[in-house]
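Participant: this is the structure alone, sequence omitted:
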């Protein structure tokens, strides 16, 4: 590896680290969503292999024909992968609180030639999602950005079909990183049942299922 490349990598690491530290400091004062201009943080070489969209879609068990909610979709990195997986008979709802992020996701979907993605400008926890609609819901490094996390998970749980699955992914050094114990407590408090864990404490995905109500 030549010296110029090494310097570039070190500079990239330093820049990423500085941005993360500053963002984490600000986020402690108030939960803030990742700004649109910082969307590159989840799409840099240092997250490859552990945060790849195909991997997250696979972990969530997304299949053709499903209806999927990408909550806090950001720039649409996972949205596009999920939409390609569900195909023409499925649907993805890409939800975000920031118009600039939705524009990025919309442009990305258009570039991929997808017409099975619907975009929704909304915050989680405000009751805007339809009930019993989705087979799968994704929360990728988003949970810590929600001011009222329990209300947000309650809304997602209500939007899932009985037997539907919520897949939550967290990663250090995300400034809003949530430890798996806290995620479990939140999910269980809204009636979701843990089914599987992938990864480790640094980068993990944990899946929760909405119970199927039995007829008496």
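Facilitator: That came through fine. No experiment lies behind these values; they were computed from the predicted model shown. Residues are numbered from 1 along each chain as shown.

Participant: gap between residue 74 and residue 57?
Facilitator: To residue 57, residue 74 is 15 Å away according to C-beta to C-beta, to the nearest Å. Quick note: C-beta positions are derived from backbone N, CA and C, even for glycine.

Participant: would you map the helices across this protein?
Facilitator: Taking DSSP state H as the criterion, the chain carries its helices at 3-29, 53-59, 77-86, 99-111, 149-159, 180-189.

Participant: list the buried ones in the second one?
Facilitator: For helix 53-59, burial by neighbour count (16 or more other C-beta atoms under 10 Å) applies to 53, 55, 56, 57, 59.

Participant: beta partners of the residue most central in space within the chain?
Facilitator: When the chain is reduced to its mean C-alpha position, the nearest residue by C-alpha atoms, centre = their mean turns out to be residue 140, at 2.1 Å. Beta bridges link residue 140 to residue 169 when assigned by DSSP bridges.

Participant: how close does it sit to residue 64?
Facilitator: Taking C-beta to C-beta, one finds residue 140 at 21 Å from residue 64.

Participant: cool, and residue 91?
Facilitator: In terms of C-beta to C-beta, residue 91 sits 11 Å off from residue 64.

Participant: compare those two and say which is more crowded by neighbours.
Facilitator: Using other C-beta atoms under 10 Å as the criterion, residue 91 and residue 64 rank with residue 91 on top: 20 against 10.

Participant: for the closest residue to the more buried one other than its chain neighbours, the count of nearby residues, please.
Facilitator: Nearest non-adjacent residue to residue 91, counting by C-beta to C-beta, 6 or more residues apart in numbering: residue 67, 4.9 Å away. Residues contacting residue 67 under the criterion other C-beta under 10 Å number 21.

Participant: wouldn't residue 67 be in contact with residue 135 here?
Facilitator: Yes. Counting by C-beta atoms under 8 Å, residue 67 touches residue 135, with 5.4 Å between them.

Participant: ok, so of the buried residues of helix 53-59, who is nearest residue 162?
Facilitator: The shortest approach to residue 162 among the buried residues of helix 53-59 belongs to residue 59, at 21.1 Å (C-beta to C-beta).

Participant: what's around residue 161, how many residues?
Facilitator: For residue 161, the tally of surrounding residues (other C-beta under 10 Å) stands at 16.

Participant: would you turn the buried residues of helix 53-59 into a markdown table with distance to residue 81?
Facilitator: Below are the buried residues of helix 53-59 laid out as a markdown table (distance: C-beta to C-beta, whole Å):
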| residue | distance to residue 81 |
| --- | --- |
| 53 | 4 |
| 55 | 9 |
| 56 | 8 |
| 57 | 5 |
| 59 | 12 |
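
Participant: what would those look like in a markdown table with pLDDT and distance to residue 112?
Facilitator: Putting these into a markdown table (pLDDT from 0 to 100; distance: C-beta to C-beta, whole Å) gives the following:
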| residue | pLDDT | distance to residue 112 |
| --- | --- | --- |
| 53 | 94 | 12 |
| 55 | 96 | 18 |
| 56 | 97 | 17 |
| 57 | 98 | 14 |
| 59 | 97 | 21 |
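
Participant: can you check the pLDDT for the residue lying closest to residue 167 once chain neighbours are set aside?
Facilitator: With C-beta to C-beta, 6+ apart as the criterion, residue 167 has its nearest non-adjacent residue at 3.8 Å, and that residue is residue 60. pLDDT, residue 60: 98.

Participant: so who does residue 60 touch?
Facilitator: Neighbouring residues of residue 60 by C-beta atoms under 8 Å, 6 or more residues apart in numbering: 68, 82, 136, 138, 165, 167, 205, 207.
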